[in-house]
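Asks: Give me a 3D structure for the following:
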Amino acid sequence: MNKFDAASLKPVREVFIKYRTLSPVIQTYPSDSQGEQGTVYGRTMPVFVRKDDGNGYERVDLPVVSGSGVRCPARSAFVRAVLARLGYVKDGRVEIPGENGFALAETLIKGGRNTAGEKPLDLSHEDLRKVYTELPFFGMFGSFQVPGCLGVSFAVPLVERGLLGLPKNHSFAGDAIPADGLKEHREFSGVYTEVEGVAGDEGASIERFIAFCSELNKGLGDAVETDFNDTPPGEQKARTAQFKEFMYGLSRVNLSSFDDLASKLAARLNVKFDKDTVDAKIGALANKISGLMRRQNIYKVVHFIPAGTPLLCKIYLLPNPGEDRMEECFDAYVEFVLARPTLGGMAGRGFGLVEAEARFADNTTFEERSRAQNFWTWVDQNAESIRTNLEWLREKLVTPGRTKKK
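Replies: Numbers count the residues shown, from 1 in each chain. Got it, this is the predicted structure:
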């Protein structure tokens, strides 16, 4: 670290990660004010790809996962694992006793809070060196006042040619796929299937209710299904016009059949009629069916990465005072990145299932050269001194209304 030249700026350790996507991947991104209600937008990155005729390049907004989408979930799990070995995790919760214990945990796990006018830490240059050498699991990531030394690139589709945005030299060139289809606009619609309020079928879906209606009367089932399909995503008032029209028509043709059908629907939906009139019965049933449709929460997904697309991501460690210990910490963290079974968001709906593997630039596998076990051995053998250094860091925390100790 005493040598200062161009070479000293290069990463001291770097690995390339290839994700094999087993289901569609999306990193959700807030839409602008013009976005459709009920629509989920995936994060994109503007890139240049070769034109279909091979003459020149054109800009394409490519679905990707940002570096923070790769880094942050694994950071939280990794730091929690370190704190668990130090005895600060009880019943699955991080508990650091004493004043500012919660603030210290928050700083370690996610860098603290960026509150206007507040400096979460008050550190000198010598203090920073101590953070990197004695608390590498914090110094590697950094915080608002501690410059981190970990870098993570976007996870981008790994293609054979035509994409400006991939590293020139990486370890997975042989696994690239053709660039065809990168410029396609992808979207699809979906529906949450579980709702409440259907008697005898807890968590039943509107589709099951439609099937129930069709069993009672095909015309009824068609009416409810039409209303459901005509309700736009995000619509606050679900439409029941076809249901009402069918029920009023039935009441005029055969009042006995109407009463029988209304009773069966009421039993299924746990509806009680306030009055024994056609209007009261249809109104009560329509309100309940409308509520079921709204709770379906129709959504549309725009800009997702199709299943089967290989993704490439680079994780690297910049020069720092921590040297070997920091490199060992880096390897231990990469293991957590590789172990995560999902990437991006909406995992509860089946998105983001991946398998990951890592290689160094010389094409050796990460497992062959990983020094992660050295880091965990250091943590176990030096737990007491690490806890002492965490107490020192806690004293450096500055909160509103509290001044630095002299």
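Asks: contacts, neighbours, all on C-alpha from now
Replies: Will do.
Asks: what pLDDT, on average, does stretch 270-287 get?
Replies: Throughout stretch 270-287, pLDDT has a mean value of 90.
Asks: buried stuff in that stretch?
Replies: Residues 271, 278, 281-282, 284-286 are the ones in stretch 270-287 that count as buried (16 or more other C-alpha atoms under 10 Å).
Asks: Which of those residues sits closest to V65?
Replies: Closest approach between the buried residues of stretch 270-287 and V65, by C-alpha to C-alpha: A286, at 42.8 Å.
Asks: so the closest one, which of the three states?
Replies: Following DSSP: H, G, I helix; E, B strand; the rest coil, we place A286 in the helix state.
Asks: what do you get for K272?
Replies: Judged by three-state DSSP, the three-state class of K272 is coil.
Asks: Now stretch 19-30 - C-alpha only, PDB.
Replies: Output of stretch 19-30 as PDB, limited to C-alpha atoms (Å, rounded to 0.1, in the frame of the first residue of the first chain):
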ATOM      1  CA  TYR A  19     -26.200 -16.200 -13.300                       C
ATOM      2  CA  ARG A  20     -28.200 -18.900 -15.000                       C
ATOM      3  CA  THR A  21     -31.800 -17.600 -14.900                       C
ATOM      4  CA  LEU A  22     -34.300 -20.400 -14.100                       C
ATOM      5  CA  SER A  23     -37.300 -18.000 -14.100                       C
ATOM      6  CA  PRO A  24     -37.900 -14.500 -15.400                       C
ATOM      7  CA  VAL A  25     -35.800 -11.900 -13.500                       C
ATOM      8  CA  ILE A  26     -36.900  -8.300 -12.700                       C
ATOM      9  CA  GLN A  27     -35.600  -5.600 -10.500                       C
ATOM     10  CA  THR A  28     -38.600  -3.500  -9.800                       C
ATOM     11  CA  TYR A  29     -38.300   0.200 -10.500                       C
ATOM     12  CA  PRO A  30     -40.700   3.000  -9.600                       C
END
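Asks: what comes into contact with stretch 147-162?
Replies: By C-alpha atoms under 8 Å, 6 or more residues apart in numbering, the residues outside stretch 147-162 that reach it are 48-50, 57, 63-68, 70-71, 139-142, 166, 173, 175-179, 309-320.
Asks: now with 7 Å?
Replies: 49-50, 64-67, 71, 139-142, 176-179, 309-318, 320 (C-alpha atoms under 7 Å, 6 or more residues apart in numbering).
Asks: try stretch 349-357
Replies: For stretch 349-357, contacts defined as C-alpha under 7 Å, 6+ apart pick out 17-26, 338, 341-345.
Asks: Span of it from start to end?
Replies: 24 Å (C-alpha to C-alpha, to the nearest Å).
Asks: same thing with stretch 348-360?
Replies: Length of stretch 348-360, first residue to last, C-alpha to C-alpha: 32 Å.
Asks: what's the distance between L318 and V12?
Replies: L318 is 6 Å from V12, by C-alpha to C-alpha.
Asks: got it, and C213?
Replies: Distance of C213 to V12, given as C-alpha to C-alpha: 66 Å.
Asks: out of the two, which sits in the more crowded spot?
Replies: A count of neighbours by other C-alpha atoms under 10 Å puts C213 above the other of C213 and V12, at 22 against 15.
Asks: from memory that one sits against G219, does it?
Replies: No. Between C213 and G219 there is no contact under C-alpha atoms under 7 Å: 8.6 Å.
Asks: For the stretch 201-350 of the chain, just list every one of the strands.
Replies: Chain-ordered strands for the stretch 201-350 of the chain, with DSSP state E, counting those that start in this stretch as the definition, fall at 298-302, 310-317.
Asks: for the most centrally placed residue in the chain, phi and psi?
Replies: Central residue of the chain (C-alpha atoms, centre = their mean): G345, 2.8 Å from the mean position. Per-residue torsions, G345: phi -110, psi -170 (degrees, to the nearest 10).
Asks: Nearest spatial neighbour of it, chain-adjacent residues omitted?
Replies: Q27 (5.2 Å; C-alpha to C-alpha, 6 or more residues apart in numbering).
Asks: Run a quick neighbour tally on the one you found.
Replies: For Q27, the count of nearby residues is 23 (other C-alpha under 10 Å).
Asks: partner residues bridging the closest residue to A347 other than its chain neighbours?
Replies: In space, and not counting its chain neighbours, A347 is closest to L353: 7.4 Å by C-alpha to C-alpha, 6+ apart. Counting by DSSP bridges, L353 forms beta bridges with T342.
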